[in-house]
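A.B. asks: A predicted structure for the sequence below; I have some questions about it.
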Amino acid sequence: MMEQQLNCTGLDKVLEKYYLSPFYALEFCIGLPSNLLVVLGYLFCLQEWQSCNVYIFNLACSDLVFLCTLPQLSYLYTHDKKITSPPICIINRYILHVNLYSSILFMAWISMDRFLLIKHPMRNHCLLRTRTAMAVTALSWLAVNVEVAPIIALMIQDLQKSNWKNCKDFSSLNGDINTFGYSLGLTLTGYILPLLALCLFSQQISHLLHVQERTVQCRKSYKRPLRVVASATVMFLVLYTPYHVMRNVRIASWQPWVELQPCTKMTINAAYILTRPWAFLHSVINPVFYFLMGDKFRKLLMTKLRKLVKELREQSSS
């Protein structure tokens, strides 16, 4: 029994060093250039912004900021360090969760925008106006920050208990706030409700296309939004569900009313660790949706890149 306990106690450290660290580093290396390209492309190539562009730009900015926190996390797990700086620890964890829930929320707004565009191709709906999209974006950022704000209090209380020396993941925090209840509430409001919105818009787009398929001649261009929205829904369902399930199970396993063996708790924690980098893989995949949703943006960006390459060749040859 003692040998079994010794074999399982270090499993989390092994996974953090040899699984989390390289996975986060890989996500940073792949995701940063693609999201940076989208942000710069929107800033320097797109002159006329529409409602969908506002949502995509904010989503790309959220992913870009989040990706910049990964090198620090990867460094900590590689060198088995608990903390470098308490403020950086709090900021990084906060950004991580803001991105987690802003991403799926903005994707829900993008899906709504695609549905309304099919239903109102003349863009005469109020929600298709750029100013409305900016207002919705501002309210979305406010809502997500309000949802995630309690994590700051939890982190400060937990850091105080360890004399500001141990930067823990959300599932391991211990403070005055009921962590299990808060995690369940965050799962409901931050994940399940936006996911249901994505499913709803996928169904509505499919229904609308089915109704219009006899009258619309260019059906292929209208079916693309359905494929994009449906793919985004599947992506978040596959990437987010294991993470949220295991996070809540991990927190529940350490509650006083649950009596589990140490190795069982460690196995649950190991399974939770396996889901963490997969949940954040959306920041690497999202740019694919940006390019699929914006033909005009893609053309402008490719034209700009060709022009830059041509100028660089001319400078090198002269």
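C.D. replies: Everything's here; your move. Numbers count the residues shown, from 1 in each chain.
A.B. asks: CA atoms for contacts and neighbours, from now on please.
C.D. replies: Will do.
A.B. asks: All the helices of the chain, residue numbers only.
C.D. replies: 2-9, 11-15, 21-44, 51-67, 70-78, 86-119, 130-148, 150-161, 179-186, 193-212, 219-253, 262-279, 282-293, 295-317 (DSSP state H).
A.B. asks: Export those helices to TSV and append columns for mean pLDDT.
C.D. replies: Shown next, in TSV, are these (pLDDT from 0 to 100):
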stretch	mean pLDDT
helix 2-9	52
helix 11-15	87
helix 21-44	91
helix 51-67	93
helix 70-78	90
helix 86-119	93
helix 130-148	96
helix 150-161	92
helix 179-186	96
helix 193-212	88
helix 219-253	87
helix 262-279	92
helix 282-293	82
helix 295-317	72
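A.B. asks: Now mean neighbour count and distance to Ser172 too, for the ones you listed, in CSV please.
C.D. replies: Output for those, formatted as CSV (neighbours: other Cα atoms under 10 Å; distance: least, Cα to Cα, whole Å):
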stretch, mean neighbour count, distance to Ser172
helix 2-9, 11, 16
helix 11-15, 16, 12
helix 21-44, 18, 18
helix 51-67, 22, 21
helix 70-78, 19, 16
helix 86-119, 21, 12
helix 130-148, 16, 16
helix 150-161, 18, 9
helix 179-186, 17, 9
helix 193-212, 18, 25
helix 219-253, 18, 7
helix 262-279, 19, 10
helix 282-293, 19, 23
helix 295-317, 13, 43
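A.B. asks: okay, the ones you listed in TSV with distance to Phe170 next?
C.D. replies: Shown next, in TSV, are those (distance: least, Cα to Cα, whole Å):
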stretch	distance to Phe170
helix 2-9	20
helix 11-15	15
helix 21-44	17
helix 51-67	16
helix 70-78	14
helix 86-119	8
helix 130-148	11
helix 150-161	7
helix 179-186	9
helix 193-212	21
helix 219-253	9
helix 262-279	11
helix 282-293	19
helix 295-317	38
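A.B. asks: and of these, who's closest to Leu173?
C.D. replies: Closest of the helices of the chain to Leu173 is helix 150-161, at 5.9 Å (criterion: Cα to Cα).
A.B. asks: Can you name every helix or strand that the closest one contacts?
C.D. replies: If you count contacts as 3 or more Cα pairs under 8 Å, 6 or more residues apart in numbering; DSSP states H and E, helix 150-161 packs onto helix 86-119.
A.B. asks: centre of the chain versus the helix it packs on, how much separation?
C.D. replies: Mean-position distance between helix 86-119 and its chain equals 6 Å (Cα atoms, centre = their mean, to the nearest Å).
A.B. asks: Angles on the backbone of Phe280, please.
C.D. replies: The phi/psi pair for Phe280 (degrees, to the nearest 10) reads phi -90, psi 0.
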